[in-house]
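In: Sharing a model prediction with you, sequence too.
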Amino acid sequence: MTAEEFHPKTPDSKLKREDSYRDGHGDIENFGDLVAAERENEIKYRTCSWQKTAALLFSEYICLAILSFPWSFSVLGLVPGVLVTLAVAGTVLYTSLVLWRFCLQHPNILDVCDIGQKLFWGSPVAYEITSVFFILNNTFIQALHVLVGAELLNTLTNSPTCTIVFSAVTVVLCFFISLPRTLAQLSHLGIISAVTMGIAVILAMVFAGIQDHPFGYIPGQEPIVTVIPVKGTTYVMGMSAFLNITYTFVGQITLPSFIAEMKDPRDFPKALWAVTIAEVIVFTLCGALMYHWIGNQYMIAPAFGSLTILYKKIAFSFAIPTILFLGALYSSVTSRYIFFRIFRNSPHRHSNTVIGWATWAGIVGSTWILAFIIAEIIPFFSDMLSLMSSLFDCWFGFIFWGMAYLTLYPGHLKWSGTWRTLETIFNIFLIALGVYILAAGTYTSIQSIIDSYAKNLYGSAFSCASNAI
């Protein structure tokens, strides 16, 4: 299927005119003009092939969150777990293709903030609100990787070193990985990240199958595996498991930034299909097989914690590149947005100047300092991350792309024919689903925070206590 088949026809010639919000190119007819405009620049941004874009996508999706799928399956049951995984994967694939079609129609889009402005009738307020959501979402993901980096070092070393020190070490390493100015330069590290994380997941599945018993095994109490949710599963537990799967798949917030650095964005579906097929296979197998061998009562998230000590350390060690690189990728995407706003039409934006590089390094460093503070100051960070995901992913995973579809087919076009009508109804459903996730996810996260406080499960801010699994 070609890009032209995806590209909607519209009688309104105004839809062919692209308004430039920040890059100063004026009216642009196609991406070739944008690539040509960079020809004389020292730093060229639109250089990613679809293979390099695929490497970035694989590094984003083949991540540590895969090891939380067995926990979701243990709550939902084996069959609902598989069905939810397939349904969410298909939905994210579809909405990502809608996003791509929207970017093709608006070549000047640099990131999701531009899309937010276009969807809300060019409103500068919508642009700024989307920007705040964009930066907070990415920074919280960076903070997660700060904590996970400390968790990994604590797990592997069993050292008395203060966890804050391990967090700081993670921040420093991620800062240097984040320094390249273009995503094409990061894509090579993305390949290493995806491959090593794939090895970690495979080892975790193998070790779960060959170990005599899961970690924490109580003699006589064999692992319990159920096809459907166990009796007594609460709404909060079920929603938490569903949202855990959903939030792992929802990564569309970075896709406009990836597409904006492609030489030929028409090739984006090749990368998207490749990573989606891999996702479905790996996520489903990891969730189902590890749940089958570990069972309900011994399940820990991430599932590395359900392995015996030696197996846990071996498998977890292969996640090091992913923990460092994926945090750096989100820092790079955020820094790119801020850098482009500062140097809208300045030579520093695309030249190797001292001011340009100093500003870039300062922005990158600031994102990591903020991520470090967030990671250390919030004792209920995991639940806080779920709350932020509920507030943001409902927009960036569902609502935006339902709206984008309705924008692509204005007026009577959205009802032209049976298939188009059904597709329109589906996109209206996606918007409603996003609103539901906003409400249900927020409620679930807040209730989880309340319940955990009642059980005294939270530590203190800037704690030296080990967070090893």
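Out: Yep, it's here. Numbering: from 1, shown residues only.
In: What ranges does the stretch 301-450 of the chain have for its strands?
Out: Here the stretch 301-450 of the chain has no strands by DSSP state E, counting those that start in this stretch.
In: buried ones in whatever helix or strand Y94 lives in?
Out: Under DSSP states H and E, the secondary-structure element containing Y94 is helix 78-105. Within helix 78-105, the residues scored as buried using 16 or more other CB atoms under 10 Å are 78, 80-82, 84-85, 88-89, 91-105. Where you see a C-beta, it was placed from the backbone N, CA and C, and this is true even at glycine.
In: which helices and strands does it pack with?
Out: helix 3-6, helix 69-76, helix 112-119, helix 235-249, helix 255-259, helix 268-294, helix 400-408, helix 418-454 (3 or more CB pairs under 8 Å, 6 or more residues apart in numbering; DSSP states H and E).
In: Deepest-packed of the ones you listed, please.
Out: The highest mean neighbour count among the helices and strands packed on helix 78-105, using mean count of other CB atoms under 10 Å, belongs to helix 69-76: a mean of 27.
In: Rebuild the helices and strands packed on helix 78-105 as CSV, extending it with mean pLDDT.
Out: Shown next, in CSV, are the helices and strands packed on helix 78-105 (pLDDT from 0 to 100):
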stretch, mean pLDDT
helix 3-6, 40
helix 69-76, 96
helix 112-119, 96
helix 235-249, 91
helix 255-259, 96
helix 268-294, 96
helix 400-408, 96
helix 418-454, 93
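In: between those, which one is nearest to T53?
Out: T53 lies closest, by CB to CB, to one member of the helices and strands packed on helix 78-105: helix 268-294, at 4.4 Å.
In: Next, the angle from that closest one to helix 69-76.
Out: For helix 268-294 against helix 69-76, the angle by axes from the mean of the first three to the mean of the last three CA atoms, to 10 degrees is 60 degrees.
In: report the angle between the axes of helix 268-294 and helix 235-249?
Out: Using the same axes, to 10 degrees: helix 268-294 against helix 235-249 is 140 degrees.
In: Quick check: closest non-adjacent residue to the residue nearest the centre of the chain.
Out: Nearest to the mean C-alpha position of the chain, by CA atoms, centre = their mean, lies G251 at 3.6 Å. The shortest distance from G251 to any non-neighbouring residue, by CB to CB, 6 or more residues apart in numbering, is to E60 (5.3 Å).
In: Can you list the low-confidence ranges for this structure?
Out: Residues of the chain meeting the criterion pLDDT under 70: 1-30.
In: Let's see that with 80 instead.
Out: Of all residues in the chain, those with pLDDT under 80 make up the ranges 1-34, 380, 382, 456-460.
In: distance of the residue nearest to the centre of the chain from F381?
Out: 20 Å (CB to CB, to the nearest Å).
In: ditto for S366
Out: 20 Å.
In: Between the two, tell me which one has more neighbours.
Out: F381 (20 against 15; other CB atoms under 10 Å).
In: hang on, that one packs against A371?
Out: No. F381 is beyond contact range of A371, at 11.1 Å (criterion: CB atoms under 8 Å).
In: Give me the common contacts of these two.
Out: With contacts taken as CB atoms under 8 Å, 6 or more residues apart in numbering, the residues that reach both F381 and A371 are A143.
In: Nearest residue to V79 in space, ignoring adjacent ones along the chain?
Out: V227 (5.2 Å).
In: Give the helix, strand or coil label for the one you found.
Out: At V227, secondary structure determined by DSSP: H, G, I helix; E, B strand; the rest coil is coil.
In: for it, what are its contacts?
Out: By CB under 8 Å, 6+ apart, the neighbours of V227 are 77-79.
In: from those, which is closest to V206?
Out: L78 (19.6 Å).
In: ok, that closest one touching L289?
Out: No. L78 lies out of contact with L289 (CB under 8 Å); the separation is 10.4 Å.
In: nearest spatial neighbour of R336, skipping sequence neighbours?
Out: S257 (6.5 Å).
In: so that neighbour makes contact with C113?
Out: No. Using CB under 8 Å as the test, S257 is too far from C113 to be in contact (9.7 Å).
In: For these two, list the residues in contact with both.
Out: Y337.
In: I'd guessed F58 sits against A278; true?
Out: Yes. Contact status for F58 versus A278: in contact at 6.9 Å, counting by CB under 8 Å.
In: For the closest residue to F396 other than its chain neighbours, give me its contacts.
Out: Of all residues not flanking F396 in the chain, I253 sits nearest, at 4.3 Å (CB to CB, 6+ apart). Listed by CB under 8 Å, 6+ apart, the contact set of I253 reads 112, 134, 137-138, 392, 396.
In: Among the residues you listed, name the ones in helices.
Out: Among those, DSSP state H puts 112, 134, 137-138, 392 in helices.
In: out of those residues, which one sits closest to V435?
Out: F392 (13.6 Å).
In: so how far is N345 from the closest one?
Out: 30 Å.
In: Mind checking which of those two has more residues around it?
Out: F392 (23 against 9).
In: Near the residue nearest to the more buried one when sequence neighbours are not counted, how many other residues are there?
Out: Computed as CB to CB, 6+ apart, the closest residue to F392 that is not its neighbour in sequence is N137, at 4.5 Å. Residues near N137, counting by other CB under 10 Å, number 22.
In: Over to the one 4 residues further on?
Out: Using other CB under 10 Å, I141 is surrounded by 25 other residues.
In: Check the burial of W357 by counting its neighbours.
Out: Neighbour tally, W357, other CB under 10 Å: 15.
In: Likewise for I164?
Out: I164 - counted by other CB under 10 Å - has 16 other residues nearby.
In: mind listing what it touches?
Out: 150, 376, 462-464.
In: With neighbour count, secondary structure and distance to F175 as added columns, please give those residues in JSON lines.
Out: Output for the contacts of I164, formatted as JSON lines (neighbours: other CB atoms under 10 Å; DSSP: H, G, I helix; E, B strand; the rest coil; distance: CB to CB, whole Å):
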{"residue": "A150", "neighbour count": "27", "secondary structure": "helix", "distance to F175": "15"}
{"residue": "E376", "neighbour count": "20", "secondary structure": "helix", "distance to F175": "16"}
{"residue": "F462", "neighbour count": "14", "secondary structure": "coil", "distance to F175": "20"}
{"residue": "S463", "neighbour count": "14", "secondary structure": "coil", "distance to F175": "23"}
{"residue": "C464", "neighbour count": "13", "secondary structure": "coil", "distance to F175": "22"}
